[in-house]
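Novice: Model the structure of this input:
(chains A and B)
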Amino acid sequence: MPTATSGRTAVTHPPADSTPSVANFERVVDDYQRRLYGFALRMTGNREDAEEIVQDAFVRAYRALGKMSPEQRADLRLQPWLYTITLNVTRNRLRSKRPSNVALDALADPDAILRESHEGPPQPETIVEQNTEIALVERALLQLPMHLRAAATLRFIEGRSHPEIAEILNQPIGTVKSHVHRAVRILRRILGPQIGRFATEGVPLHALS
Amino acid sequence: MRCRDVEALWDELRGECQASLKETVHSHLRACPSCQAMYEQYEGVAYCLSCLPRPEPSCDLAKKVVQHIAAIKGKGYPPIVLAAVTTPVGRLYVGFKCDRIAYVSLDTGAPAEEIVARAERRLHRRVVEGTAPGWLMHALDRFFNTWSLDDALVDISDLTPFEQAALRAAARIPPGEVRSYAWVATQIGRPKAARAVGRVMARNPLPLLFPCHRVVDSSGDLHDYYYGLEMKARLLQMEGYRG
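Specialist: Got it, this is the predicted structure:
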């Protein structure tokens, strides 16, 4: 069916000047650095780590683009691809760091995470904001196991849809939904029942942000 | 519908969804106070996360990326070769150019890819993986026998004069002894720069060889170490420190 083919081509091939390449890479950096930095920051809770992660992620992307054919580059969905690379760099880095006080693998049992977190609160230097409510939420997010933190961050902070998150995490949509759901369950328990008030009354986070 | 089935639908309501789906969830919530309370908490979590501030990256992040890319494209310089070597303190990645060592990193389990990226970031040079030549193994053997550095075997010429001076001063601390950040600062004629010395030690591209592990607080507290205080204490102990 010739019409279907041409229709598909029109959708998947963006205008030539927006195809990412090593030549226009500075623009790619400029377009995505804030987004990727925000993501890496929420994943690590540390500005310095986040900056280095983003730098490494861009360099990796640059190298990968250099090895791709023009067709591959034209078909590339840049934003999810960059998120994926950032996530991989983050994983490598968090894995190779000294084990943190939070048991990242205690995922099957939310209560285990809560017990852990009560025994050892995150070190102060890993918390980005000192503002009490905001710091509370930041800390809670950092207490999640990495894969749940990624799902929650992409869903609620980055505002990505389920299919987009599935693409970034390379997981089935059903898995993404269940991860988002589990992340919320755990956060709800860490943050306590008063959390419902925040949304309905629009305070106090609203005033602080 | 059971509560659990409805709960699985909550997140669907955030995007565009069918009105019938919305109605299914809301009619259940109206009839079920415990679900209603939990749903409010769910909304609260989503709301709190969406309210987190979005700090900007530092304004030179893009510049650093461009520099890093320029460094790995740099054809004029030979790259730094990074080799994995087993030593008495564990597995090390050692970077060298020509006949001098320019980079050392303890293997913390990170993939080689990440070590290469970290070295490139620090050295502003292309880094490639390779194997350790004979002279390098020899030099490391000698170092771990004596714990003292042969200046002819290292290259820190890319660092700032202040960084070079601070690292050389640290190398003058005898093995098994410690000195304070202030001591190093005084040694290099910048007695007020103890904090800056601390930063140099934290970014030391040649840990172990330039013994930043021998630099401690003025109170004698080990203070901090990139590879953890336990490692700092272990290194000092291996050298014969009785602290």
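Novice: Skip the chain neighbours and tell me the closest residue to residue 148.
Specialist: No chain specified, so I'll use chain A. Take residue A:148 and drop its neighbours on the chain: the residue closest to it by CB to CB, 6 or more residues apart in numbering or on different chains is residue A:183, 4.0 Å away. Glycine gets a C-beta too; all of them are placed from N, C-alpha and C.
Novice: ah, no, chain B please
Specialist: Residue B:148 sits nearest to residue B:175 (CB to CB, 6+ apart), 6.1 Å away.
Novice: so that neighbour sits in a strand?
Specialist: No. Residue B:175 is assigned coil when assessed by DSSP: H, G, I helix; E, B strand; the rest coil, not a strand.
Novice: Might you report the residue contacts of it?
Specialist: If you count contacts by CB atoms under 8 Å, 6 or more residues apart in numbering or on different chains, residue B:175 has them with B:146-148, B:211, B:214, B:239-240.
Novice: SS state for the residue nearest to residue A:148?
Specialist: helix.
Novice: Surely it is in contact with residue A:157?
Specialist: No. Residue A:183 is not in contact with residue A:157 according to CB atoms under 8 Å; the separation is 11.4 Å.
Novice: Tell me which of those two has more neighbours.
Specialist: Between residue A:183 and residue A:157, counting by other CB atoms under 10 Å in any protein chain shown, residue A:183 is the more crowded of the two (25 against 19).
Novice: was I right about residue B:181 contacting residue B:197?
Specialist: Yes. Taking contacts as CB under 8 Å, residue B:181 lies within contact range of residue B:197: 4.7 Å.
Novice: follow-up on the earlier one: so who does the residue nearest to residue A:148 touch?
Specialist: By CB under 8 Å, 6+ apart, the neighbours of residue A:183 are A:144, A:148-149, A:151-152, A:155.
Novice: Which single one of those residues is nearest to chain B?
Specialist: residue A:152 (6.5 Å; CB to the nearest CB).
Novice: Low-confidence regions, chain A specifically.
Specialist: For chain A, the stretches flagged by pLDDT under 70 are A:1-18, A:96-131, A:196-209.
Novice: rerun at 90
Specialist: Within chain A, the segments meeting pLDDT under 90 span A:1-24, A:46, A:48, A:66-67, A:70, A:74, A:92-137, A:139, A:188-209.
Novice: Domain map for it?
Specialist: A:1-97, A:101-209 (automatic domain parsing).
Novice: The shortest one close to chain B?
Specialist: Yes. When contact is scored as CB under 8 Å from any CB of the partner chain, part of domain A:1-97 falls within range of chain B: A:25-26, A:29-30, A:33-34, A:37-38, A:41-42, A:47, A:50-52, A:54-56, A:58-60, A:62-63, A:89, A:92-93, A:95-97.
Novice: burial measure for residue B:41, as a count.
Specialist: 24.
Novice: for it, helix, strand, or coil?
Specialist: Of the three states, residue B:41 takes helix under three-state DSSP.
Novice: Surely it touches residue A:195?
Specialist: Yes. Judged on CB under 8 Å, residue B:41 makes contact with residue A:195 at a distance of 5.1 Å.
Novice: Surely residue B:102 is within a strand?
Specialist: Yes. Assessed with three-state DSSP, residue B:102 lies in a strand.
Novice: In space, what's closest to it - neighbours in sequence excluded?
Specialist: With CB to CB, 6+ apart, the residue lying closest to residue B:102 is residue B:155, at 4.7 Å.
Novice: Can you name the residues that contact the one you found?
Specialist: Residues near residue B:155 by CB under 8 Å, 6+ apart: B:97, B:100-102.
Novice: In JSON lines: those, plus pLDDT and neighbour count.
Specialist: Formatted as JSON lines, the contacts of residue B:155 follow (pLDDT from 0 to 100; neighbours: other CB atoms under 10 Å in any protein chain shown):
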{"residue": "B:97", "pLDDT": "88", "neighbour count": "18"}
{"residue": "B:100", "pLDDT": "93", "neighbour count": "16"}
{"residue": "B:101", "pLDDT": "95", "neighbour count": "24"}
{"residue": "B:102", "pLDDT": "94", "neighbour count": "24"}
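Novice: with these in mind, which one is nearest to chain A?
Specialist: Taking CB to the nearest CB as the measure, chain A lies nearest residue B:102 of these, at 19.1 Å.
Novice: residues contacting the closest one?
Specialist: Counting by CB under 8 Å, 6+ apart, the residues that residue B:102 touches are B:80, B:95-96, B:123, B:154-156, B:158, B:205-206.
Novice: change it to 6 Å
Specialist: Listed by CB atoms under 6 Å, 6 or more residues apart in numbering or on different chains, the contact set of residue B:102 reads B:80, B:95, B:155.
Novice: And it, how close does it get to residue B:149?
Specialist: 14 Å (CB to CB, to the nearest Å).
Novice: can you redo the contacts of residue A:183 as JSON lines with distance to residue B:221 and secondary structure?
Specialist: Output for these, formatted as JSON lines (distance: CB to CB, whole Å; DSSP: H, G, I helix; E, B strand; the rest coil):
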{"residue": "A:144", "distance to residue B:221": "33", "secondary structure": "coil"}
{"residue": "A:148", "distance to residue B:221": "37", "secondary structure": "helix"}
{"residue": "A:149", "distance to residue B:221": "33", "secondary structure": "helix"}
{"residue": "A:151", "distance to residue B:221": "41", "secondary structure": "helix"}
{"residue": "A:152", "distance to residue B:221": "38", "secondary structure": "helix"}
{"residue": "A:155", "distance to residue B:221": "43", "secondary structure": "helix"}
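Novice: Tell me how far stretch B:180-189 lies from the chain's centre.
Specialist: When C-alpha coordinates are averaged (CA atoms, centre = their mean, to the nearest Å), stretch B:180-189 and its chain have centres 25 Å apart.
Novice: Sketch out the helices for the chain, chain order is fine.
Specialist: Just so you know, I chose chain A. Along chain A, counting by DSSP state H, helices occupy A:2-12, A:25-44, A:47-67, A:70-75, A:78-96, A:110-119, A:132-143, A:146-152, A:162-169, A:173-191, A:195-201, A:205-208.
Novice: um, chain B though
Specialist: Under DSSP H, chain B gives helices at B:3-7, B:19-31, B:33-51, B:61-73, B:112-123, B:134-146, B:161-171, B:181-187, B:194-202, B:229-239.
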